[in-house]
Each structure stands twice: as C-alpha cells, then as structure tokens.
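J.: this one's structure only:
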C-alpha cells in the first residue's frame, strides 16, 4: 500500500502539487487517502517502516497529506510531532542516503521544516543543505528565520487559537509571511 503513496506523489501528480493551494487537489487527497491518514495517525502503518520508501510514504501521509486534507484547521498540524519523530528515525537509519531524488529527500525532511522548534531548525538547516538543492535549502532558511524571530509560525496562530503579538500581526501583513 505504501507503493500507492509513492506512485501518486512522484509519478501521478508530482510533488509540486503539495506546495500549491488547490481545493480540487485537496479533495482528491481526501477521497483517496483520508482513511490512510487516519490509519497512519493511529500508528497502524508501522509495517511500512521496513524499507526506505515505506518510511517516506508514512511521513508524507502524516506531514503533507494532513495539510491538504485538513487545510485551514488545527487538524492539519495534529500529526506534526509524529511525522517529525519518524523523520528523525529515518535520518538516523540512513534513509536519506537511500533515496535517489531531491524531491524524495525533501519530503522526508519536511517535518523538520514544519517544526516550531529552534533546535530542530538548527538540524534542519544542516540536513537540507547536505541532502537537497539550493532552492529547497533556501526555503528551509526562510522558515528558520521566522522560527528564530518568533519561536513559532505566526500564520498558524488563528487556526491554532493562539494570541498573536503586535510584532506578529505586523509581520503577517508583509508579503511572504506565510506558506
């Protein structure tokens, strides 16, 4: 079943779709993969971790599919910690060296980029620099700058019921303040 995720992401639609806001794509993911996301969130896909592509697929489901399926709700971020732990385990197991494309390595590392931890972004900066390309690394740096400044992503505040500071409110009026 993890093969379905890999096929969908890398051959059927392409990974760029995950970085665009597209209601039709979100609906497609919901129809095809919401039940898979629910199983992943319940830690039922542990068997996928036996191979690099399976590990990658589980991380994609938890980290990327959740953002599309539950867009503009707190549930979009509910699996971030689990996805990060799985990504950390995959990095420690040497999975990055076994993935042959920048896109695959990027998706495996995305939970680091999505983290609101300064410590995690220190690791992310090194990992993205070593295992992705200049463009992807640049996106990590843009994310890290926000975390270094605010300790969180201000654009998530409203959805997560967090009070924004005056500095965050001002920041959110600027172009490129959210992703």
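T.: Okay, I see it. What you see is a predicted model, and the numbers here were worked out from it, not measured in a lab.
J.: And the helices in the protein?
T.: Assigned by DSSP state H, the helices in the chain fall at 2-7, 23-41, 52-60, 66-69, 80-92, 95-98, 102-114, 118-131, 134-150, 157-160, 166-172.
J.: who does the first one touch, helix- and strand-wise?
T.: If I follow you right, that is helix 2-7. Where contact means 3 or more C-beta pairs under 8 Å, 6 or more residues apart in numbering; DSSP states H and E, helix 2-7 is packed against helix 52-60. Yep, even glycine has a C-beta here, placed from its N, CA and C like the rest.
J.: which residues are contacting the helix it packs on?
T.: Applying C-beta atoms under 8 Å, 6 or more residues apart in numbering, the external contacts of helix 52-60 come out as 2-3, 5-6, 9, 40, 45, 47-49, 83, 86-87, 89-90, 93, 95, 98-99, 104, 107-108, 110-111.
J.: 7 Å instead?
T.: Residues from elsewhere that reach helix 52-60, judged by C-beta atoms under 7 Å, 6 or more residues apart in numbering: 2, 5-6, 9, 40, 45, 48-49, 83, 86-87, 90, 95, 98-99, 104, 107-108, 111.
J.: on that earlier part again, would CSV of the helices of the chain with distance to residue 14 and mean neighbour count be doable?
T.: As requested, the helices of the chain are exported to CSV (distance: least, C-beta to C-beta, whole Å; neighbours: other C-beta atoms under 10 Å):
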stretch, distance to residue 14, mean neighbour count
helix 2-7, 12, 16
helix 23-41, 11, 16
helix 52-60, 13, 24
helix 66-69, 14, 24
helix 80-92, 21, 18
helix 95-98, 21, 17
helix 102-114, 8, 23
helix 118-131, 20, 17
helix 134-150, 15, 15
helix 157-160, 27, 14
helix 166-172, 30, 13
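J.: what sits against residue 41?
T.: Contacts of residue 41 (C-beta under 7 Å, 6+ apart): 62, 79.
J.: any idea how far residue 33 is from it?
T.: As judged by C-beta to C-beta, to the nearest Å, residue 41 and residue 33 stand 12 Å apart.
J.: again with residue 79
T.: Separation of residue 79 from residue 33 (C-beta to C-beta): 13 Å.
J.: can you check residue 140 too?
T.: For residue 140 relative to residue 33 (C-beta to C-beta), the value is 26 Å.
J.: Also residue 43?
T.: Noted for residue 43: a distance of 17 Å to residue 33, by C-beta to C-beta.
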